[in-house]
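Student: Below: sequence and its predicted model.
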Amino acid sequence: MRTNGTLRYEMPNGGGLNEWGEVADTAQSAWSAPIPCSIKTNSDTRKGKYEDGEFRQASFLILVEVMPFPHVRVKLERHGEELGEYRVLSSEPLTTVGRTQIMV
């Protein structure tokens, strides 16, 4: 598979419970090692504006070697450019081609 970027997935560290039995706010997440992938842009606009600046709205299709992908958040980088951190919308194994397709 030809690759043009890397993907890192979020590995949440269980924060556990505090002394009152509530979920601890100190839970921090770690990121996986970079995984080579092919990233295709569905849509990408930087026209979003808010009071203090601008924001980016983007959607990408990602192909990785076949692997189970139960992860919720990913960081994407393509050709050295950081594309951002996104929520995984869906992941689908493409068994006939030996890949997993992820939509963010």
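Tutor: Ah, there it is.
Student: Tell me how far Q57 lies from K49.
Tutor: Taking CB to CB, to the nearest Å as the measure, Q57 falls 11 Å from K49. C-beta here means a position set from N, CA and C on the backbone, and glycine is covered the same way.
Student: what about S43, how many neighbours?
Tutor: Residues contacting S43 under the criterion other CB atoms under 10 Å number 8.
Student: Let me know whether P34 touches E77 as I believe.
Tutor: Yes - if you go by CB atoms under 8 Å, P34 and E77 touch, sitting 7.4 Å apart.
Student: neighbour count winner among those two?
Tutor: Legend: neighbour count by other CB under 10 Å for P34 and E77, higher for E77 (17 against 12).
Student: If you count neighbours, what's buried in whichever strand in the chain runs longest?
Tutor: What stands out as the longest strand in the chain, according to DSSP state E, is strand 35-50. The neighbour-count check on strand 35-50 (16 or more other CB atoms under 10 Å) flags I35, C37, S38, I39 as buried.
Student: Okay, now the unreliable bits of the chain?
Tutor: Along the chain, the parts satisfying pLDDT under 70 run over 14-18, 21-28.
Student: burial measure for the nearest residue to D44 once chain neighbours are set aside, as a count.
Tutor: Leaving aside its chain neighbours, D44 sits nearest to A58 (4.3 Å; criterion: CB to CB, 6 or more residues apart in numbering). By the criterion of other CB under 10 Å, A58 has 15 neighbours.
Student: Neighbouring strands - and their directions - for the helix or strand harbouring A58?
Tutor: Here A58 is covered by strand 53-65, with elements defined by DSSP states H and E. Sheet partners assigned to strand 53-65 using DSSP bridges are listed as strand 35-50 (antiparallel), strand 99-103 (antiparallel).
Student: Mind listing the strands whatever helix or strand comes next after that strand pairs with, and their directions?
Tutor: Downstream of strand 53-65, the first helix or strand assigned by DSSP H and E is strand 73-78. Note on strand 73-78: by DSSP bridges, its sheet partners are strand 5-12 (antiparallel), strand 81-87 (antiparallel).
Student: Contacts for strand 73-78, please.
Tutor: Contact with strand 73-78 is made by 4-10, 29, 31, 34, 39, 60, 62, 82-88, 102, 104, as judged by CB atoms under 8 Å, 6 or more residues apart in numbering.
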